[in-house]
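Engineer: Pasted the sequence and its predicted model underneath.
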Amino acid sequence: MSNRFTQYILAAMVLGIVMGSAIYNFLPDTRGEWASAINLIAMMFLRLIKMIIAPLVFATLVGGIAHMGSGSKLGRIFAKTMGWFISASFVSLLLGLVMVNLLQPGANFPGTLPQAGQSTGLPVSAFSIEKFLTHLIPTSIADAMAQNEILQIVIFAVFFSVAMGSMPERSKPILAMIDDVGHIMLKVTSYVMLFAPLAVWAAITATVAKNGLAVLWKLIVFMGGFYLSLAILWGILVIVGFVVIGPRYSHLLKLVREPLMIAFSTASSEAAYPKTLEALNRFGASSRISSFVLPLGYSFNLDGTMMYCTFAAIFIAQSYHIDMSLGTQLAMLATLMITSKGVAGVPRASLVVIASTLAQFNIPEAGLLMIMGIDTFLDMGRSATNVIGNTLATSVVAKWEGELGPEHEMGPGDAVPGDLVPGEVPAMAGHG
């Protein structure tokens, strides 16, 4: 079934490119209407994903933490996770910086540069450390779930789980109910993912029908350099995976084919979350680890996005012939390391991060207008890379914690390793 599903997605991508190109070339007067109409299918699928994300994250995370045991173990896992995220972000940013200086994609930019004062319309003011810190804490868990604010759901779920652990007897029926909700949500996820090939076809068709493939040639040097850099980053991640996890890491790469293609074709790593969680559980990563590390990774471990930030920022500086010393570029890297963590919940986050950073280094924000037209094509690669980075981070933390068990076959709606069968409740660790 898994192989057939992968084939369906591949066929949907190919069909989408063919049909999108046909609409763009043979229906020039109505291609916008066609793209909007077909894109409705992809949007409906993404809304289905958003519908299940909040309850899925909450149920699996609370269940995972509650079964984790002592609070000290949670703190240890959090420290290892954040240490990995920071290291991976630094490597990604540094690789983008090195590659853009080696390739020099903006040195002889053939197009017309936007005027330096031209506005991009991006909500640059949406970013600040103060707003980020206050954004971490939900004013209402109902609102956080309604808005699919994963980071806020994680914060509440941690407090909720620790509180449950402090009163184990009273929490038994609630924990049993949450376990049942988790299993039910996994079953709902299996139903939603049946529509993935159709959504992939719609997303690709709409994108190509609206923009055409010719738009890529205008920035082919930039696009080629960026995807070459992504390929190198993938190589680094794969090598690290084999070093830390061993030869069995190759099996994880096979298991994540589906979420990778879903993330790439829809330009949304969020759309791949359910399949990514399933792949990790099939790989043998304990659900206690995967349900904790993976949601955090969606806010703090976006490797593809990190690399894009330095690559795009220096590309714009090169296009405007702005000379940046090594020290200035390293200062930009450090700035991006901080600002990139502060845009949770901000639309078009990577562009907002870049825009806010450019202003601090006197680089025209208008330079983003050059690449905004192809941002969807770039986002496809970024989203797929984010999936690779988060699956590696989760499996590595599971390995470090001794919770990477043997692989097993399971369906999306089946019980995941480390979970209980419905109705079974263990003794919970008390905290005094």
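Structural biologist: It's in.
Engineer: Mean confidence (pLDDT) on the longest helix seen in the chain, please.
Structural biologist: Longest helix in the chain by number of residues (criterion: DSSP state H): helix 31-66. Across helix 31-66, pLDDT averages out at 87.
Engineer: and that helix, which residues are buried?
Structural biologist: 31, 34-35, 38-39, 41-42, 45-46, 48-49, 52-66 (16 or more other CB atoms under 10 Å). From N, CA and C alone the C-beta is placed, and that goes for glycine too.
Engineer: Over to stretch 147-159?
Structural biologist: Going by 16+ other CB under 10 Å, stretch 147-159 has these buried residues: 148, 149, 150, 151, 152, 153, 154, 155, 156, 157, 158.
Engineer: Tell me which helix or strand the fifth one sits in.
Structural biologist: Remark: residue 152 resides in helix 150-166, with elements defined by DSSP states H and E.
Engineer: Give me the distance between that helix and the centre of its chain.
Structural biologist: 22 Å (CA atoms, centre = their mean, to the nearest Å).
Engineer: any idea where the strands of the chain begin and end?
Structural biologist: With DSSP state E, there are no strands along the chain.
Engineer: just for it, where's the confidence low?
Structural biologist: 1-2, 69-71, 110-112, 117, 119-129, 132, 215, 341-348, 408-432 (pLDDT under 70).
Engineer: Compute the distance between the residue most central in space within it and residue 250, please.
Structural biologist: The centre of the chain sits closest to residue 269, judged by CA atoms, centre = their mean, with a distance of 3.9 Å. According to CB to CB, to the nearest Å, residue 269 stands 22 Å off from residue 250.
Engineer: For residue 189, which non-adjacent residue is spatially closest?
Structural biologist: Closest residue to residue 189 apart from its sequence neighbours, by CB to CB, 6 or more residues apart in numbering: residue 274 at 4.2 Å.
Engineer: The one you found contacts residue 52, doesn't it?
Structural biologist: Yes. Applying CB atoms under 8 Å as the test, residue 274 and residue 52 come out as touching, 6.8 Å apart.
Engineer: how about the helices in the stretch 101-250 of the chain?
Structural biologist: 129-136, 141-146, 150-166, 168-192, 196-211, 215-218, 220-245, 249-255 (DSSP state H, counting those that start in this stretch).
Engineer: okay, those helices, which one's buried deepest?
Structural biologist: helix 196-211 (a mean of 24; mean count of other CB atoms under 10 Å).
Engineer: about what we covered before: quick one, what contacts the residue nearest to the centre of the chain?
Structural biologist: By CB atoms under 8 Å, 6 or more residues apart in numbering, the contact set of residue 269 is 263, 298, 302, 383, 384, 386, 387, 390.
Engineer: any idea how far residue 384 is from the first one?
Structural biologist: Pointing back at residue 263 there. 5 Å.
Engineer: Looking at the two, which is more packed in?
Structural biologist: A direct count of neighbours by other CB atoms under 10 Å for residue 263 and residue 384 places residue 263 higher, at 29 against 24.
Engineer: Contact partners for the more buried one?
Structural biologist: Contacts of residue 263 (CB under 8 Å, 6+ apart): 269, 271, 272, 380, 383, 384, 386, 387.
Engineer: Just these: which are in helices?
Structural biologist: Under the assignment DSSP H, the contacts of residue 263 contribute 380, 383, 384, 386, 387 to helices.
Engineer: Among those residues, which one lies nearest to residue 187?
Structural biologist: When the ones in helices among the contacts of residue 263 are compared for distance to residue 187 (CB to CB), residue 387 comes out closest, at 22.5 Å.
Engineer: I figured that closest one was touching residue 256, is that so?
Structural biologist: Yes. Here residue 387 reaches residue 256: they are 6.5 Å apart, a contact under CB under 8 Å.
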